[in-house]
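Asker: sequence plus predicted model, see below.
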Amino acid sequence: MQTVLFTGKGHENWVLCVEWSPCGRLLLSGGMDRIGLIFDVRKQKLMHTLKGHREPLLHAAGQPLHRATRMNQVYPDLVTCSKDGTAKIWHISASMRLSFTLSGHAQAVQSVRWSAENL
């Protein structure tokens, strides 16, 4: 029998993606409600709500841990993508902020990944 470690709540519609951050502490979910939720699994609580996509959030990926460590970040950055044709990079910190938006796609951006060295 398997034990449930954590149940994250907060979406108002279907959840479309769930991703672990490379540090293994944060869990990001994204969904039809156009938001991303970042949970601290160790503390069993919602840390941040990512708002900014105009359409459903389809996928997310965490910055490779070695890059975050080299940049003296406590948590790695995250990138999300959406049916609105954008990818957004989020700086995860106490103040939580959108770093920048990559736009120009004519249709949905369905998947995102970080490279080993750069985006």
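Answerer: Received it, and whenever you're ready, just let me know what you need. Please read all numbers here as calculations on a predicted model, not as lab measurements.

Asker: tell me how far stretch 7-27 is from the chain's mean position?
Answerer: A distance of 8 Å separates the centroid of the chain from that of stretch 7-27, by CA atoms, centre = their mean, to the nearest Å.

Asker: who's in contact with that stretch?
Answerer: Residues outside stretch 7-27 that contact it (CB atoms under 8 Å, 6 or more residues apart in numbering): 6, 28-33, 35, 37-42, 46-47, 49, 56-65, 68, 75-76, 78, 92. C-beta: built from backbone N, CA, C; applies to glycine.

Asker: mind listing what Ala106 touches?
Answerer: Gly85.

Asker: what of the one 3 residues further on?
Answerer: Residues near Val109 by CB under 8 Å, 6+ apart: Leu58, His59, Cys81, Ser82, Lys83, Gly85, Thr86, Ala87.

Asker: for PyMOL, what selects the buried ones among the contacts of stretch 7-27?
Answerer: In PyMOL syntax, the buried subset of the contacts of stretch 7-27 is picked out as below (16 or more other CB atoms under 10 Å):
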select buried, resi 28+29+30+31+32+33+35+37+38+39+40+41+47+56+57+58+59+60+61+62+63+64+68+75+76+78+92
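
Asker: just the ones of the contacts of stretch 7-27 in strands?
Answerer: 28-31, 35, 37-40, 46-47, 49, 57-62, 78 (DSSP state E).
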